[in-house]
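**Q** Sequence isn't available, so here's the structure alone:
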């Protein structure tokens, strides 16, 4: 049961981070767009989900069936095309993913926005002179550099997300903590089982920290190699130009 709960904790962490980062990238781009509607929607999303605790969100999504017993798609005053039972859609797992991923998306949006703004504006101008569209510039030049900048805070968020998954125990979702609780509720070995959960959390946090440092080191090394290559190319060009100068 402990190992099954460990797998559920890892699954919640990975899915919440992937969904949260995907939404965060879209929100960051909307926040930096020139359209007022996009900026307003992005600001409202970030304001709401950064202000509401993830535990409150999870409980709300899980009990949404009390407000909306059925979710349907159709015309406003016409027939329903497709409908679902809210309880069938919003299981404890989906409610946990929504609460964790939406909270992460709000924080990730601000981090990615700061990373995009840290990229030199001259690079986007140079890309425009080469005939690249705004979408190509964003995808090929701006976002790769911005993501390299935000890797450290995203790594910290991943570790925080791993710990936030313990909140899903209120939904009776068998994560690591809830599995330990179910075992010690039967065996009355409360402290030993809590120590087991604590050790597993420390092991996972240590592994994630090592992965974060390895990714940072790799990106830093690639950046330094690219910078050295540019410097060597510039010096070679200057030497070649000086050799061609008339005496």
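**A** Ah, there it is. Computed from a predicted model, the values in this text were never measured in an experiment. Numbering: from 1, shown residues only.
**Q** Which secondary structure elements does the helix or strand where residue 126 lies sit against?
**A** Here residue 126, judged by DSSP states H and E, is contained in helix 121-129. Packing partners of helix 121-129 (3 or more C-beta pairs under 8 Å, 6 or more residues apart in numbering; DSSP states H and E): helix 134-137. Heads up, the C-betas are built off the backbone N, CA and C, glycines and all.
**Q** Which residues belonging to the helix it packs on are considered buried?
**A** The neighbour-count check on helix 134-137 (16 or more other C-beta atoms under 10 Å) flags residue 137 as buried.
**Q** Pull the distance from it to the chain's centre.
**A** 22 Å (C-alpha atoms, centre = their mean, to the nearest Å).
**Q** cool, stretch 64-79 as well?
**A** Stretch 64-79 sits 30 Å away from the centroid of its parent chain (C-alpha atoms, centre = their mean).
**Q** which residues touch that stretch?
**A** Contacting residues not belonging to stretch 64-79 are listed as 80, 81, 82, 83, 84, 85, 86, 87, 89, 90 [C-beta atoms under 8 Å, 6 or more residues apart in numbering].
**Q** Please pick the buried ones from those.
**A** Buried by 16+ other C-beta under 10 Å: 86, 90, out of the contacts of stretch 64-79.
**Q** Of the contacts of stretch 64-79, which belong to strands?
**A** Filtering the contacts of stretch 64-79 for membership in strands, criterion DSSP state E, returns 80, 81, 82, 83, 84, 85.
**Q** Relative to residue 159, how far out is the fourth one?
**A** Look at residue 83 and residue 159: by C-beta to C-beta, to the nearest Å, they are 40 Å apart.
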